[in-house]
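>>> Predicted model and sequence follow; I will ask about them next.
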Amino acid sequence: MEPVNEKAAGILKRLNVLMTGHFRLTSGLHSDRYMQCAKLFENPEESAELCYDLSGRFCDVDLVAGPAIGGIIMAYEVARALGVRNIFAERENGKMTLRRGFLASPGERVLVVEDVVTTGGSVEEVIGLMRGFGAEIVGVGAIVDRSGGRASFGVPFHALVVMEATSWKEEECPLCRDGIPLTKPGSRPI
Ligand SMILES: [Zn+2]
């Protein structure tokens with residue numbers, strides 16, 4: 001596992017991207033963490049800084065591609081840092097595709113980015129899509145790897161912050177057992 005990037009983790013906590021407390025997730029499970037990566041891209045200066053730091057992990061990139069919606073602004077910022085083009089892929093009838101005149105060319109060296117990698121499913125789809133154009137995948141970059149380091153794409157994968165997604169059923173939640181009140185996402189972190 002990569003060392004913890006204290007600077008990135010500090011920025012994400014300050015902007016309430018990463019919150020610690022006691023949360024009910026949309027799945028109904030309880031967790032001691034909550035993440036909202038849109039809160040990073042709400043802040044252009046910090047977004048640019050973190051995407052610049054991440055871009056430095058990759059070289060010889062021709063094109064940055066990200067899945068909508070989470071990867072749109074990120075692909076743009078990483079591409080700006082690298083001085084290359086960027087595109088985004090989006091779902092059409094459930095299938096990841098390129099629209100809006102976006103194309104990749106055979107032999108183009110593509111960096112795939114996603115703000116948060118959980119299972120990596122969307123990233124895998126973008127990789128497959130780009131390879132369908134004959135492009136070469138240079139690597140995968142993420143702001144947060146929520147798989148705890150388990151996500152793997154068969155190409156170099158760098159995330160600024162790696163974390164475990166800890167969650168429990170309500171009846172098994174240690175925070176409930178300790179009587180810790182639920183925090184509403186969007187409120188200040190504890
Ligand atoms: Zn709980």
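Now that the structure is in, tell me what you want to look at.
>>> how about the residues of this structure near the ion?
The chain comes close to the ion at residues His30, Cys173, Leu175, Cys176, as judged by C-beta under 5 Å from the ion. Glycine gets a C-beta too; all of them are placed from N, C-alpha and C.
>>> Closest to Glu114 out of those residues?
Nearest to Glu114 out of the residues of the chain next to the ion is His30 (C-beta to C-beta; 25.5 Å).
>>> Give me the pLDDT for the closest one.
We have a pLDDT of 93 for His30.
>>> burial of the nearest residue to it once chain neighbours are set aside, as a residue count?
Closest residue to His30 apart from its sequence neighbours, by C-beta to C-beta, 6 or more residues apart in numbering: Cys173 at 4.0 Å. Neighbour count of Cys173, defined by other C-beta atoms under 10 Å: 19.
>>> Same question for Asn93.
Using other C-beta under 10 Å, the number of residues around Asn93 comes to 5.
>>> quick one: pLDDT of it?
Note on Asn93: pLDDT of 94.
>>> what about Glu124, how many residues close to it?
With other C-beta under 10 Å as criterion, Glu124 counts 17.
>>> Also the one 10 residues further on?
Number of residues near Gly134 (other C-beta under 10 Å) recorded here: 11.
>>> For the residue nearest to Gly56 when sequence neighbours are not counted, give its distance to the ion.
Take Gly56 and drop its neighbours on the chain: the residue closest to it by C-beta to C-beta, 6+ apart is Ala81, 7.9 Å away. Relative to the ion, Ala81 is positioned 40 Å away (C-beta to the ion, to the nearest Å).
>>> And Ala81, its phi and psi?
With angles defined as degrees, to the nearest 10, Ala81 sits at phi -60, psi -30.
>>> Check whether Glu77 really touches Glu49, as I assumed.
No: Glu77 is beyond contact range of Glu49, at 9.3 Å (criterion: C-beta atoms under 8 Å).
>>> Of these two, which one has the most company?
Each of Glu77 and Glu49 has its neighbours counted (other C-beta under 10 Å); Glu77 has more, 25 against 16.
>>> any idea how far Pro174 is from that one?
Glu77 sits 38 Å away from Pro174, going by C-beta to C-beta, to the nearest Å.
>>> tell me, how many neighbours does Val112 end up with?
Using other C-beta under 10 Å, Val112 is surrounded by 30 other residues.
>>> helices or strands up against whichever strand or helix holds it?
Here Val112 sits within strand 109-117, counting by DSSP states H and E. For strand 109-117, the elements it packs on are strand 63-67, helix 70-82, helix 121-132, strand 136-145, judged by 3 or more C-beta pairs under 8 Å, 6 or more residues apart in numbering; DSSP states H and E.
>>> Please consider this matter closed, and thank you.
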